[in-house]
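Student: Here is the input, now give the coordinates:
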Amino acid sequence: MKARAPSAGNVLQVEPSWAFLWDIDGTLIDTTALIVQGLQHVYQTFLKRSLPFDTIRGIIGIPLAEQIRILGDPALYGADPAAMEREFIRWYEAHADQERIIPEAIQALKEGKRAGHPTAVVTSKNRAEIANTLPRLGIEAWVDVVVSAEDVEHPKPFPDPILAALKALCVPATHALYIGDTVHDAQAARAAGVLFCGVAWGAAGREALLSQNPDLFCEEPGELSVVLNLRLPQDRRGAGHHVHQKTLPGGNR
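Tutor: Below is the predicted model of the structure:
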């Protein structure tokens, strides 16, 4: 059964026992162009092929092990998949200064944890990528559980990573919200039976996310704390400017 949450206006109304699960790329940090460029580098180096920007952008949100196979089995090109993964990580880290942390999203994660919400990071990054990226975000002390693509048999868009996080947090799917930026995130959330908050500043973009009928939707990072009911500035209390929400079962607009 899918989660149900009461709402008031465009603001989520839930108890602190609700878990907030966060994606990383495109949600907490802007890495879209960096990932596209890194994958293009790997395709050209190992496969002597290239793909359009939007095609690569569309596979952001699935594991690196799958991204390097988007053109088929690397062995057919005489390439070693493990070497391709290592080269992507090497290239990415050499250009990691191009990562742009989204401070409003980081702040919302911290505010949620401070308010008592069990907090997890659920990502399609592998363990090596997580080990590199997580310290740069400054959220390790604020996160109870981290689930990577290598921690489950079936990563996103399957529900397994979300369900693994919920199991570790001891929180039922009916009391959880996943915040992410891709269609893969939306599909995983739906399959897991949790609510989904789509954010428009990541890889998928506004229209692709809205086509997934997210339960909550934020156009700008500064809206996260409002839509999650973590901080209500006086000039926005009850207004919910630019924060869009689908009608929830048993809830109000």
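
Student: pLDDT averaged over stretch 110-129, what's the number?
Tutor: Per-residue pLDDT values over stretch 110-129 give a mean of 97.

Student: repeat for stretch 22-29
Tutor: Stretch 22-29 shows a mean pLDDT of 97.

Student: buried ones in that stretch?
Tutor: For stretch 22-29, the neighbour count (16 or more other Cβ atoms under 10 Å) marks Trp22, Asp23, Ile24, Asp25, Gly26, Thr27, Leu28, Ile29 as buried. Yep, even glycine has a C-beta here, placed from its N, CA and C like the rest.

Student: now swap in stretch 193-211 and tell me
Tutor: 193-205, 208-210.

Student: coming back round to it: kindly reformat the buried residues of stretch 22-29 as CSV and extend each row with secondary structure and distance to Ala115.
Tutor: Listed next are those as CSV, based on DSSP: H, G, I helix; E, B strand; the rest coil; distance: Cβ to Cβ, whole Å:
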residue, secondary structure, distance to Ala115
Trp22, strand, 14
Asp23, coil, 20
Ile24, coil, 21
Asp25, strand, 25
Gly26, coil, 24
Thr27, coil, 19
Leu28, coil, 18
Ile29, strand, 22
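
Student: can you redo those residues as a markdown table with distance to Gly116?
Tutor: Shown next, in a markdown table, are the buried residues of stretch 22-29 (distance: Cβ to Cβ, whole Å):
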| residue | distance to Gly116 |
| --- | --- |
| Trp22 | 16 |
| Asp23 | 21 |
| Ile24 | 22 |
| Asp25 | 27 |
| Gly26 | 27 |
| Thr27 | 21 |
| Leu28 | 20 |
| Ile29 | 25 |
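
Student: Domain-wise, how is this structure divided?
Tutor: Here the domain assignment for the chain is 7-31+100-245, 32-98, based on automatic domain parsing.

Student: Helix, strand or coil: sort out the closest residue to Arg49 other than its chain neighbours for me.
Tutor: Computed as Cβ to Cβ, 6 or more residues apart in numbering, the closest residue to Arg49 that is not its neighbour in sequence is Tyr43, at 5.1 Å. Recorded secondary structure, Tyr43: helix (DSSP: H, G, I helix; E, B strand; the rest coil).

Student: Near Tyr43, how many other residues are there?
Tutor: Around Tyr43 there are 23 other residues, counting by other Cβ atoms under 10 Å.

Student: from what I can see it touches Ser50, true?
Tutor: Yes - in this structure, Tyr43 is within contact of Ser50 by Cβ atoms under 8 Å, at 5.8 Å.

Student: ok, and the closest non-adjacent residue to Leu177?
Tutor: Leaving aside its sequence neighbours, Leu177 sits nearest to Leu195 (Cβ to Cβ, 6+ apart; 4.5 Å).
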